[in-house]
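In: sequence unavailable; structure follows:
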């Protein structure tokens, strides 16, 4: 169920320099929370990071062994690999402001 919403991921140094966001969303099948998280993340990225992100969807029902790499304990969980540092956000990502601040796309209190 991988989704790549842009061109191939650039090398890490180039990605960081260009403000590229590399995101991985861990879900558990097609549950309502998983579907909501995918939809919410896609909308947030298209609105705030257009052309500067890749999303990889990891279904842990299909590949449970992949949870160990990012130490996933709850689902859905979003992991930002780039830009550094690694950041995790748990939940369906319905609180857009919290996600933007959590991913450091927007500072706390910043108005659009």
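Out: Structure's in. What do you need? The structure presented is a predicted model; accordingly, all values stated were derived computationally and were not measured.
In: what is the burial count for the nearest residue to residue 49 once chain neighbours are set aside?
Out: Counting by Cβ to Cβ, 6 or more residues apart in numbering, residue 49 lies nearest to residue 21, which is 5.5 Å off, once chain neighbours are set aside. In this view, the C-beta of every residue, glycine as well, is placed from N, C-alpha and C. Residue 21 has 21 neighbours, counted by other Cβ atoms under 10 Å.
In: what's the answer for residue 54, then?
Out: Counted with other Cβ under 10 Å, residue 54 comes out at 23.
In: partners of it in the sheet?
Out: residue 22 (DSSP bridges).
In: that one and residue 24 touch, don't they?
Out: No - the criterion here is Cβ atoms under 8 Å, and residue 54 misses it with residue 24 at 9.1 Å.
In: what is the mean pLDDT for stretch 102-112?
Out: Averaged across stretch 102-112, the pLDDT comes to 74.
In: what of stretch 22-34?
Out: Rounded mean pLDDT across stretch 22-34 is 97.
In: again with stretch 70-84
Out: 96.
In: begin at 39 from now on, thanks
Out: Yes, from this point I'll number from 39; that puts the last item at stretch 108-122.
In: need the contact partners of that stretch.
Out: 50, 53-54, 57-66, 71-72, 75, 79, 98, 124-131, 137, 141-142 (Cβ atoms under 8 Å, 6 or more residues apart in numbering).
In: distance between that stretch and the chain's centre?
Out: 7 Å (Cα atoms, centre = their mean, to the nearest Å).
In: and the end-to-end length of that stretch?
Out: Using Cα to Cα, to the nearest Å, the span of stretch 108-122 from its first residue to its last is 14 Å.
In: thought residue 67 was touching residue 101?
Out: No - under the criterion of Cβ under 8 Å, residue 67 is not in contact with residue 101, lying 11.6 Å apart.
In: no more questions from me, cheers.
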